[in-house]
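J.: need a 3D model of the sequence below.
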Amino acid sequence: MLTRTHASPAPRRLTAALAAALPLCLLGHVSASQAALVISQVYGGGGNSGATYKNDFVELLNNGSASVSVGGWSVQYASATGGTWQVTQLPAGLVVQPGQYVLVQMAAGTGGTTALVPDVLGTTAMSGTSGKVALVTSTAALSGSTPVGLLDMVSYGSATPIEGTPTPVLSNTTAALRTDAGCTDTNNNAADFVVGSPSPRNSASPLVSCGSTSAPPPVTPVAPSLEIPAIQGMGATSAYVGQVVRTSGVVTRLTNNGFYLQALQGDGLEASSDGLYVFTNTASGVSVGQLIALTGTVAEFAGGGSTVTQLTSPADIVVQGSGYSVTPTPITLPVSGGLERYEGMVVTVNGPLTVNQNYFQARYGQLTLSAGGRLETPTNRHRPGTQAAALAADNASRRIVLEDGNSRQNVNPTPFTGPTEALRGGDTLGSVTGIIDYGPSTATVSGPGDYRIVPLNPGAISYTITHPRPTYVPSVGGNYKVASFNVLNYFTTFTNGETIVNGQTGQTCVAGQTAAASCRGASNYTEFLRQRIKIVEALSKIDADAVGLMEVQNNTVAAQNLADALNGKMGAGTYAVAPGPAAGVIGTDAIKVSMIYKPAKLQPVGLSQIDAAPINNRPTLAQTFRVANGEAFTLVVNHLKSKGSCPTSGLDKDQGDGQGCHNDTRLQQVKQLRNFVGSLQAASGASDVLLVGDFNAYAKEDPIHALTSNGYVDQIGRFNTFGYSYVFDGAAGRLDHAISSVSLSPKVSHALDWHINADESLAQDYNLEFKQPLCTTCAPDPYTTTPYRSSDHDPLVVGLNLYNQYITASATSTSVVGTTGDDLITVGAGRRTLTGGAGRDQFAFRSDFTGGATITDFAPRADVISLRAVLQALRVQVADPIGQGYVSCGASGATDALVYIDPDANGPSPRRPLISLKNIACDALSHTNYIF
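T.: Next up is the predicted model:
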């Protein structure tokens with residue numbers, strides 16, 4: 001529905017620069033004195049009750065013997081006795097041949113069943129009974145009830161007589177038809193017209209001979225006038241591709257190379273869209289809210305695997321009014337039948353809408369959104385097959401891309417950044433009003449596409465920070481912590497050929513290649529420092545006892561450089577590179593896996609080992625560690641074949657099952673990995689093995705299934721209903737895994753992905769390109785010396801229970817005392833005094849614990865309290881129980897802290913004390929002292 005907000009001025013022509021010549025313009029023409037153009041039919045009952053036709057119309061006829069060029073002419077209408085005339089301009093280049101009709105469509109009503117096939121589109125609402133119509137050789141609006149200087153005039157019903165006597169009154173089912181097929185013209189309306197059933201004729205109708213005995217000349221039809229829904233049609237592509245047509249509509253939004261146009265009134269059919277895009281390639285010269293008519297060539301713009309119907313080479317643009325607005329059509333995703341039916345239309349997509357991907361936000365002005373919550377990579381949830389395919393279809397139906405409507409890249413300011421200027425995946429937007437479009441949602445036109453919404457008013461979008469940046473690493477419990485981190489090409493040789501070693505230039509990263517081709521990380525030393533700061537911030541906050549690293553430069557410098565930087569922040573000797581092959585060059589790829597560990601916490605058992613089997617393009621790395629109580633475990637770091645650079649044939653070709661390409665190679669690598677782990681267990685005598693790394697396979701794909709169905713346990717999946725470390729094509733899943741042997745699984749206290757990277761915009765990273773000041777037209781650099789967007793993968797963290805003693809308080813005990821080593825003390829209902837002793841102790845409270853414990857020697861830098869079972873019993877499942885008010889701390893007397901729990905987080909009244917910590921102040925505690 002369209003609403004006129006104020007009266008429009010007289011129509012005016014746009015500048016000639018916007019017009020392109022049409023073939024019909026080449027036809028000869030004569031002045032009005034050499035030919036006759038008359039009004040041959042008038043019908044004002046269109047769309048009224050009982051009407052057959054949906055629109056009013058005026059029919060013209062050239063009843064002379066020569067062609068007539070009508071560019072700059074108009075058809076005008078006024079009420080029966082009124083003197084205010086509404087103008088419908090005839091398009092430039094329109095030449096009417098002898099005996100040819102021209103059908104001028106006017107306003108539509110809500111009734112009628114038959115659409116016209118007009119030559120000219122107008123919007124004037126005519127009376128169905130009495131009124132007057134004039135044919136004028138200019139576009140200036142007439143004035144007065146009896147104007148003069150008209151080419152032709154028809155008064156009907158009770159209208160003011162201008163040309164003789166008016167025709168009889170018309171009705172919803174009758175029209176005034178000039179006799180003799182339109183040839184008669186005595187300048188008396190009553191004599192020249194009869195009243196009968198409307199019979200509209202257009203330029204394609206058979207020519208009529210008005211007294212001439214010679215054969216009619218060949219006729220080049222005028223560009224057919226089509227309503228926008230007719231151009232769009234019922235399918236994905238228009239039936240009029242390549243044809244020049246004329247149409248009209250309201251300008252709803254401008255872009256930098258065109259504008260969107262929507263029909264004044266649609267056809268009422270759900271399957272056809274009422275809008276389309278007009279491609280101008282330059283500034284269009286029109287304004288939002290104008291009602292325009294124009295001629296253009298129908299085309300389908302291909303991109304992202306589909307096409308968008310548009311008009312190209314727009315010409316003869318005529319402004320018919322201004323001040324129009326479009327009432328958006330409300331839609332809720334998913335839409336039955338898809339969004340094709342709304343292409344080019346103004347809609348309101350009902351919120352909330354969740355941000356899924358912001359990778360292209362800064363460069364292309366896009367955010368991938370979804371209704372109904374976050375999108376998960378199908379093969380992260382289901383095995384390849386029917387269920388995964390169903391989830392992929394569901395994802396597609398709930399997904400839409402918020403698009404800035406600008407074909408330029410890296411615009412300033414970056415759009416859609418929200419109130420924090422760093423909108424993250426998982427944050428939400430309210431309803432969005434804009435225009436539905438379709439196009440690529442990746443960096444290439446050939447990549448997959450999505451339906452998009454181009455907002456009418458980006459400033460009106462509301463944002464809710466529902467997934468804020470994590471300010472701490474959630475505790476994973478246990479007395480040892482292991483992490484895995486793909487550090488996204490940590491290279492100490494830069495793409496400009498320089499290295500961090502003074503005086504060296506022209507270095508390369510793969511023999512026989514130039515640095516720019518083989519080095520993958522920082523472009524220069526400045527970028528490298530920015531990269532290193534972020535990675536060090538992330539790793540120091542994780543504070544793991546051992547870390548498996550991926551995408552470290554395959555040299556003897558990079559891993560040690562990172563360890564040195566960490567030690568500079570955390571203290572000398574905190575980290576060391578695992579001894580043996582881990583410290584050297586491994587394989588022939590430009591990148592390798594590596595490992596760092598804390599010598600004060602873990603003792604390497606022998607040297608690191610690599611699996612140099614030919615199937616491994618990046619050799620697997622393993623190191624066995626022994627802890628203080630004598631237990632041992634082996635950490636195995638992996639980086640399997642990527643999904644990129646797809647072959648076109650063979651088993652590694654993308655099979656279309658959602659697993660991407662090189663799946664067979666990854667599967668073979670995993671089979672070899674099982675053999676390698678078996679040999680490690682036999683050699684070390686340690687059955688406990690933890691496999692970490694970037695497996696380049698989602699949780700339910702063949703390579704991971706080959707492990708989890710053969711005696712290994714997916715620890716991220718064990719503790720998380722939706723574990724993810726990576727976002728790709730608008731969906732989240734985990735390529736990074738922590739997979740344990742069966743023997744180690746009971747000792748894993750918790751495992752999680754720390755979401756500092758996958759949800760962050762690419763613009764937050766260390767790179768300098770596409771940002772100020774290097775790019776003066778780009779947006780300001782949002783870089784900060786924080787862990788956020790230190791990589792494109794989230795790190796994962798695993799807690800291990802490798803305690804000296806596992807102590808469970810008996811039901812009748814009043815006190816429990818631990819050992820001088822690391823203890824796991826489990827406590828149920830009842831009041832007790834707990835003493836952990838030396839070491840790193842965990843106090844785990846069961847679901848039946850309701851309060852009354854006192855810990856005499858809690859050490860904030862070493863000990864943890866597990867309230868996971870207590871919160872689960874209270875059905876509290878939130879990301880941050882402290883920040884959200886469920887768990888709090890208050891002073892107890894002058895020296896002690898008291899931990900409280902509030903089951904509804906509504907304030908102090910239902911809050912109950914749980915645990916007293918002797919000689920501890922609340923501000924000495926942090927999130928890392930709790931396991932939730």
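J.: from now on I want contacts and neighbour counts done on CA atoms only, so please keep to that.
T.: Noted.
J.: tell me which residues touch Thr777, please.
T.: Residues near Thr777 by C-alpha atoms under 8 Å, 6 or more residues apart in numbering: Asn410, Val411, Asn412.
J.: looking at neighbours, which among the residues you listed is most surrounded?
T.: Using other C-alpha atoms under 10 Å as the neighbour criterion, Asn410 leads the contacts of Thr777 with 22 neighbours.
J.: could you give the number of residues near the spatially closest residue to it that is not a sequence neighbour?
T.: Counting by C-alpha to C-alpha, 6 or more residues apart in numbering, Asn410 lies nearest to Arg363, which is 4.3 Å off, once chain neighbours are set aside. The local packing of Arg363 (other C-alpha under 10 Å) involves 21 other residues.
J.: quick one: secondary structure of Arg363?
T.: Assigned by DSSP: H, G, I helix; E, B strand; the rest coil, the conformation of Arg363 is helix.
J.: wait, it sits on Gln409?
T.: Yes. Arg363 lies in contact with Gln409 (C-alpha atoms under 8 Å); the separation is 5.1 Å.
J.: coming back round to it: out of the contacts of Thr777, who's nearest Asn62?
T.: Val411 (53.7 Å; C-alpha to C-alpha).
J.: so what pLDDT did the closest residue to that closest one other than its chain neighbours get?
T.: Nearest residue to Val411 in three dimensions, chain neighbours excluded: Cys778, at 5.5 Å (C-alpha to C-alpha, 6+ apart). For Cys778, the pLDDT comes out at 96.
J.: check contacts around Cys778.
T.: By C-alpha under 8 Å, 6+ apart, the contact list for Cys778 reads Asn410, Val411, Asn412, Pro413, Phe770, Lys771, Gln772.
J.: part of a strand, is it?
T.: No. The assignment for Cys778 (three-state DSSP) gives coil, which keeps it out of a strand.
J.: measure it to Ala362 for me?
T.: Separation of Cys778 from Ala362 (C-alpha to C-alpha, to the nearest Å) stands at 9 Å.
J.: now swap in Thr146 and tell me
T.: As judged by C-alpha to C-alpha, Thr146 and Ala362 stand 61 Å apart.
J.: of those two, who's got more company?
T.: Shown here are Thr146 and Ala362; by other C-alpha under 10 Å, Ala362 has more neighbours (26 against 14).
J.: pLDDT value on that one, please?
T.: The score at Ala362 is 95. That number is its pLDDT.
J.: Gly268 versus that one, what's the distance?
T.: Distance, Ala362 to Gly268, using C-alpha to C-alpha: 39 Å.
J.: so where is this protein shaky, pLDDT-wise?
T.: For the chain, applying pLDDT under 70 flags the ranges 1-35, 212-222, 443-447, 502, 907-909.
J.: biggest helix in it, by residue count?
T.: helix 663-684 (DSSP state H).
J.: which strands and helices sit next to that one?
T.: For helix 663-684, the packing partners by 3 or more C-alpha pairs under 8 Å, 6 or more residues apart in numbering; DSSP states H and E come out as helix 702-708.
J.: in PDB, list the C-alpha atoms belonging to the helix it packs on.
T.: C-alpha atoms of helix 702-708 as PDB (Å, rounded to 0.1, in the frame of the first residue of the first chain):
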ATOM      1  CA  ASP A 702      34.100 -38.400   9.100                       C
ATOM      2  CA  PRO A 703      37.500 -37.600  10.600                       C
ATOM      3  CA  ILE A 704      36.200 -36.800  14.000                       C
ATOM      4  CA  HIS A 705      33.700 -39.700  13.900                       C
ATOM      5  CA  ALA A 706      36.700 -42.000  13.000                       C
ATOM      6  CA  LEU A 707      38.100 -41.100  16.400                       C
ATOM      7  CA  THR A 708      35.000 -40.900  18.600                       C
END
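J.: alright, calling it a day.
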